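Visitor: could you look at this predicted model? Sequence included:
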Amino acid sequence: MMKLTIIGNGYTAQFLANDALRYGYEVSMITRNISNPKKNIHYINFFDSNNVEKKLINENVISTVPFNEESLDPVLKKYRKSISLNNNIIIYYSATSVYGSGIVDESSKPSPKYKRGITRLSCEKEWIKANSHTSIFRISGIYGPNRHPMIKYLKGDNKVIVKEDYISNRIHVEDLSSLTLKYIKNKYTEKILNISDQKKVSSYDAIKFVCNELNLVEPKIVRYNPKKASKMLKSFYEVNRTVKSNIINHTISYKFKYPDYKFALLGLTKSLLDSD
């Protein structure tokens, strides 16, 4: 039986763990938060050093943990030596914020403009220093059940920020999970992998499409104003990139379950309305 240790217990980690169980993996989760444990997942407290070290040395490992308030990777800060001794597959979930503007793929040189991307790139380098065969997954904006803009819309907020020629890059959590598990199963050894669907559509156009299909009031446009934007908002809207993945399209030949954001968003919205 394939063994998988996931570090972190957030949105993506929980989806990944449940997906791995369905594929027959033995799943362990290292976390500081073991509230509401799920059946058949072996939970280990992050500070239980002896048991954590055994997992990090001997099993396939995925870290979904972001950098901390000190801009450091908390996993490497505590368990760098254990990571360095691992000969299995190691995946670090990073972000496409390490890139600059324009069309980028895995061969593009990182050029982050804002602190989030700069810190992410620094963490990537530290993971590779800790273990040279670490695979870096640079992930676009993750969406899926209970995490998408139509939740806010259906609660009464139909405002959508629009910036001319700006396109978001996204990935459905189910595609992210399936790609990850396929990567482990086939024992790929790529150093860098961009995780992003390959169809371009703006957030406004996607939400408008859903509204038209479901006879909802069209979204209200709010023009992006850099003078009023926070640093976080600027980090999203002032770096306009199109993320391509040569690895997904050629090496892995993965077929996306949700290749088109607007249709995926429509399905998620229908599910939300049906559940009310």
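Guide: Structure's in. What do you need?

Visitor: got a list of what Val222 touches?
Guide: Val222 sits next to 159-162 when contact means C-beta atoms under 8 Å, 6 or more residues apart in numbering. No exception for glycine: its C-beta is placed from N, CA and C like everyone else's.

Visitor: which one (most neighbours) among these?
Guide: For the contacts of Val222, the largest number of neighbours (other C-beta atoms under 10 Å) sits with Val160, at 20 neighbours.

Visitor: quick one, strands of the stretch 51-200 of the chain?
Guide: Using DSSP state E, counting those that start in this stretch, the strands of the stretch 51-200 of the chain run over residues 60-63, 90-95, 102-104, 135-139, 141-143, 159-162, 170-172, 192-195.

Visitor: helices or strands next to the fifth one in the packing?
Guide: The reference is to strand 141-143. If you count contacts as 3 or more C-beta pairs under 8 Å, 6 or more residues apart in numbering; DSSP states H and E, strand 141-143 packs onto strand 170-172, helix 173-185, helix 261-275.

Visitor: same deal with the longest one?
Guide: Helices and strands touching strand 90-95, by 3+ C-beta pairs under 8 Å, 6+ apart, are strand 60-63, helix 115-130, strand 135-139, helix 173-185.

Visitor: include mean pLDDT, distance to Ser235 and mean neighbour count when you put the ones you listed into a markdown table, please.
Guide: Shown next, in a markdown table, are these (pLDDT from 0 to 100; distance: least, C-beta to C-beta, whole Å; neighbours: other C-beta atoms under 10 Å):
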| stretch | mean pLDDT | distance to Ser235 | mean neighbour count |
| --- | --- | --- | --- |
| strand 60-63 | 98 | 22 | 26 |
| helix 115-130 | 97 | 6 | 19 |
| strand 135-139 | 98 | 15 | 24 |
| helix 173-185 | 97 | 21 | 20 |
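
Visitor: among the ones you listed, which is nearest Lys38?
Guide: In terms of C-beta to C-beta, the element of those nearest to Lys38 is helix 173-185, at 14.7 Å.

Visitor: run the angle between that closest one and strand 135-139 for me.
Guide: In terms of direction (axes from the mean of the first three to the mean of the last three C-alpha atoms, to 10 degrees), helix 173-185 departs from strand 135-139 by 170 degrees.

Visitor: who's in contact with helix 173-185?
Guide: Residues contacting helix 173-185 (C-beta under 8 Å, 6+ apart): 2, 4, 11-12, 15-16, 19-20, 23, 25, 60, 62, 89, 91, 135, 137, 139, 142-145, 147, 193, 195, 197, 248, 252, 254, 256-258.

Visitor: ok, stretch 20-28 next?
Guide: Under the criterion C-beta under 8 Å, 6+ apart, residues 1-6, 17, 40-44, 55, 59, 177, 181, 185 lie in contact with stretch 20-28.

Visitor: buried set for that stretch?
Guide: Neighbour counts over stretch 20-28 (16 or more other C-beta atoms under 10 Å) mark 20-21, 25, 27-28 as buried.

Visitor: how close does Asn51 sit to Gly141?
Guide: Separation of Asn51 from Gly141 (C-beta to C-beta, to the nearest Å): 34 Å.

Visitor: in helices, which of the contacts of stretch 20-28 appear?
Guide: The helices, defined by DSSP state H, take in 17, 55, 177, 181, 185 from these.

Visitor: how far away is the first one from Phe46?
Guide: The gap separating Ala17 from Phe46 is 15 Å, by C-beta to C-beta.

Visitor: when those two are compared, which one has more neighbours?
Guide: Between Ala17 and Phe46, counting by other C-beta under 10 Å, Ala17 is the more crowded of the two (24 against 19).

Visitor: helix or strand next in line after the helix or strand hosting Val210, which one?
Guide: Take DSSP states H and E as the rule and Val210 turns out to sit in helix 203-213. Later in the chain than helix 203-213, the nearest helix or strand by DSSP H and E is strand 220-223.

Visitor: so for that following strand, what's the average pLDDT?
Guide: Averaged over strand 220-223, pLDDT sits at 94.

Visitor: then stretch 91-109?
Guide: Regarding stretch 91-109, the rounded mean pLDDT is 96.

Visitor: just checking, what packs against the helix holding Val210?
Guide: Using 3+ C-beta pairs under 8 Å, 6+ apart: helix 203-213 touches helix 149-154, strand 159-162, helix 261-275.

Visitor: no further questions, thank you.
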